[in-house]
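**Student:** need a 3D model of the sequence below.
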Amino acid sequence: MIVYILIFILAVFLYIRSNEDNEQSKLVLGIYLAGLALFVGCSDMLGGYDRYIYGEVFDQLALMTQAGGDVTLSAGYRLFATEWGFLGFNQLIGYITLNRYVFIFIVTCVIYTLLFISIKQYCRNYPFAVIVFLGLWFFFTFTYLRQVMAATIGWLAIKYVIDRKPIQFFLIVFIAFTFHNSAIVLAPFYFVPAKKFQPIFVVLALVAALAIGMGNMLSDLVAESDAFIDAARAEQNANYIEEGTFRIEYFIEAILFAGLLIWKYDAFDDENPKEIVLLNMALVFCAILLMFVRSENGGRIAWHYMMGIISSVTHLATSPNHKNDAITGALILMFGILFLRILIAWGVLLSPYKTFFTDGHREGDIIYKIYEYDPKYNEDKFYK
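**Tutor:** Numbering: from 1, shown residues only. Prediction:
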């Protein structure tokens, strides 16, 4: 667990050491995110059962690819039938390797490369943006590979909302959609005006979103977006999750961020399209959380708008004209608590840390015992 805490402490240290001259160091950002990519990508099936699902899909598809078989008969085409972009990506890597660990490593490197591009493009202070990322999203990059990749692809489209280039925007959103169908929620954002709405309008919109969420009206949409859930996983969820329960985490997160943004609304320049587009994106993120406040996994749909939160909160915390040390310190503490909350809650899914450079598996790893589909990987991680 200590190694994870050191990762967060290093991000805070880099922020404290930053100033107006070096806060935009692309080299430091690149080195830090490359380190995270190596840390996550080299981990041995940490984060939960999703890695095993993606690993098994890749193994089958890669074998058929190199053998010249009909890939449409693989498990991937049953689980991800409408997400052929992801399947095509699997097949492309299948020409290079048959090993699931190499596959996961490549996917992770792509995700963090896309993240680097977005932070560099949309955030004014890279170290603080990394702190926000660590608190909100870091641990999900271990396990939800497909949806995380779709989100980071989708974030490349934000530039074309700002520049008002619809063809490029919808092309990128379509590509993201082919990796995870939930990315379609990003498409309507192009039609959101690049202007600051009156605070009362924002509040009313959030209240309406909460009303939709309390009525659980969008549960069918969530079911469709999670079409990859297999029977075993669905059964496990049924044992531990009561459908339609109120997700207090979604509610608190939405209210905290929306409240902060509305409180500091004047910090966003009406004449700066990038600031306003990302501000509106952050508010949509909050609205989506409220619309899925009674859905177990629906909040993951909001990930496609998370760059708005990362950028806008970073702007509030670091803008020279509006920076308040007390608020900035409180935000760092809050993201630190969020980071620790997931680290502790996930427990054995993350700790102790182990790479795939050593054979065997971690003692007490219950996910390995349930979901490992190929015992040969336990004996030799590079047997193929």
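
**Student:** output the lowest mean pLDDT helix or strand found in the protein.
**Tutor:** Least confident helix or strand of the chain, by mean pLDDT, DSSP states H and E, is helix 231-240 with a mean of 37.

**Student:** pLDDT weak spots in the stretch 151-300 of the chain?
**Tutor:** Along the stretch 151-300 of the chain, the parts satisfying pLDDT under 70 run over 217-244.

**Student:** got the residue ranges for the helices in it?
**Tutor:** 158-162, 166-179, 199-214, 219-225, 231-240, 248-263, 273-291 (DSSP state H, counting those that start in this stretch).

**Student:** looking at those, which is closest to residue 126?
**Tutor:** Closest approach to residue 126 among the helices of the stretch 151-300 of the chain is made by helix 273-291 (15.1 Å; C-beta to C-beta). (Each C-beta comes from the backbone N, C-alpha and C, glycine too.)

**Student:** which other helices and strands contact the closest one?
**Tutor:** With contacts taken as 3 or more C-beta pairs under 8 Å, 6 or more residues apart in numbering; DSSP states H and E, helix 273-291 sits against helix 158-162, helix 199-214, helix 248-263, helix 306-318.

**Student:** export those helices as JSON lines, with columns for mean neighbour count and distance to residue 76.
**Tutor:** Output for those, formatted as JSON lines (neighbours: other C-beta atoms under 10 Å; distance: least, C-beta to C-beta, whole Å):
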{"stretch": "helix 158-162", "mean neighbour count": "20", "distance to residue 76": "29"}
{"stretch": "helix 199-214", "mean neighbour count": "16", "distance to residue 76": "33"}
{"stretch": "helix 248-263", "mean neighbour count": "17", "distance to residue 76": "31"}
{"stretch": "helix 306-318", "mean neighbour count": "26", "distance to residue 76": "27"}
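
**Student:** want to throw those helices into TSV with distance to residue 45?
**Tutor:** Compiled in TSV, these are given as follows (distance: least, C-beta to C-beta, whole Å):
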stretch	distance to residue 45
helix 158-162	32
helix 199-214	34
helix 248-263	26
helix 306-318	25
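
**Student:** I figured residue 183 hits residue 189, correct?
**Tutor:** No - between residue 183 and residue 189 there is no contact, the gap being 11.2 Å when judged by C-beta atoms under 8 Å.

**Student:** and the two? Which one has more around it.
**Tutor:** Between residue 183 and residue 189, residue 183 has the larger neighbour count (other C-beta atoms under 10 Å), namely 28 against 20.

**Student:** how far out from the middle of the chain is stretch 64-82?
**Tutor:** Remark: stretch 64-82 is offset 26 Å from the chain centroid, using C-alpha atoms, centre = their mean, to the nearest Å.

**Student:** what's the neighbour count on residue 184?
**Tutor:** Residue 184 has 18 nearby residues by other C-beta under 10 Å.

**Student:** kindly report the same for the one 4 residues further on.
**Tutor:** Neighbourhood size, residue 188 [other C-beta under 10 Å]: 10.

**Student:** mind checking how far it is from residue 303?
**Tutor:** 16 Å (C-beta to C-beta, to the nearest Å).

**Student:** report the secondary structure state of the spatially closest residue to residue 151 that is not a sequence neighbour.
**Tutor:** Of all residues not flanking residue 151 in the chain, residue 303 sits nearest, at 4.5 Å (C-beta to C-beta, 6 or more residues apart in numbering). The three-state assignment at residue 303 reads helix, by DSSP: H, G, I helix; E, B strand; the rest coil.

**Student:** count of neighbours near residue 303?
**Tutor:** By the measure other C-beta under 10 Å, the count of residues near residue 303 is 25.

**Student:** contacting residues around it?
**Tutor:** 137, 140, 147-148, 151 (C-beta atoms under 8 Å, 6 or more residues apart in numbering).
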